[in-house]
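A.B. asks: One predicted model, sequence on top.
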Amino acid sequence: MNLVSIRIITENVGKLLEFYEHITEVKGIRFTDDFAELQTAHGTLAIGSTRTLQLFGGSEVAKAAQNHTAIIEFITTDVDKFYQEESVFLAPYLVQEPTTMPWGNRSLLFRDPDGNLVNFFTPLSAEAIKKFEGKI
């Protein structure tokens, strides 16, 4: 079994898609007004509207803009450079400037327009670099 995607439920697919296209520099695919995807080499970030919840058992299955437990993580070659280039854009969303974590990654934390926590990170320690070899 392999994890292939994470889906965010939102009331505004277009706004979230534009945000993630900007920060990842990946062009999303808008399949319908209610569903889009950003496909990377190692996984997909899917974005579904609240209207799609009816297909999964009803509107109570998930709640848009109420994530308080998950962090959406993207690996990048140089998180400090990314932050320097995007600091103005990220300013209203910023949670924490690039910080070196005890497990060997340098992490930048911010929220997307719906409040979902996002981590852009670069492996720094030898162990972290080895762990993520071939993933950047």
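C.D. replies: Nice, I can see it. Numbers count the residues shown, from 1 in each chain.
A.B. asks: can we go C-alpha only for contacts and neighbour counts from here?
C.D. replies: Fine.
A.B. asks: give the contact list for residue 114.
C.D. replies: Going by CA atoms under 8 Å, 6 or more residues apart in numbering, residue 114 touches 10, 16, 64, 65, 66.
A.B. asks: And residue 105, by the same measure?
C.D. replies: With contact taken as CA under 8 Å, 6+ apart, residue 105 is in contact with 121, 122, 123, 124, 125, 128.
A.B. asks: rewinding a little: could you write me a ChimeraX select line covering just the buried ones among the contacts of residue 114?
C.D. replies: To isolate the buried members of those in ChimeraX, using 16 or more other CA atoms under 10 Å:
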select :10,16,64
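A.B. asks: Would you reformat the contacts of residue 114 as a markdown table and include distance to residue 135 and secondary structure?
C.D. replies: Putting those into a markdown table (distance: CA to CA, whole Å; DSSP: H, G, I helix; E, B strand; the rest coil) gives the following:
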| residue | distance to residue 135 | secondary structure |
| --- | --- | --- |
| 10 | 28 | strand |
| 16 | 24 | helix |
| 64 | 30 | coil |
| 65 | 29 | coil |
| 66 | 29 | coil |
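A.B. asks: May I see the contacts of residue 114 organised as a markdown table, with pLDDT added?
C.D. replies: Output for these, formatted as a markdown table (pLDDT from 0 to 100):
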| residue | pLDDT |
| --- | --- |
| 10 | 97 |
| 16 | 97 |
| 64 | 91 |
| 65 | 91 |
| 66 | 90 |
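A.B. asks: of the contacts of residue 114, closest to residue 74?
C.D. replies: residue 16 (15.9 Å; CA to CA).
A.B. asks: Need the residues that contact stretch 44-64.
C.D. replies: With contacts defined as CA under 8 Å, 6+ apart, stretch 44-64 is touched by 4-13, 16-17, 34-39, 114.
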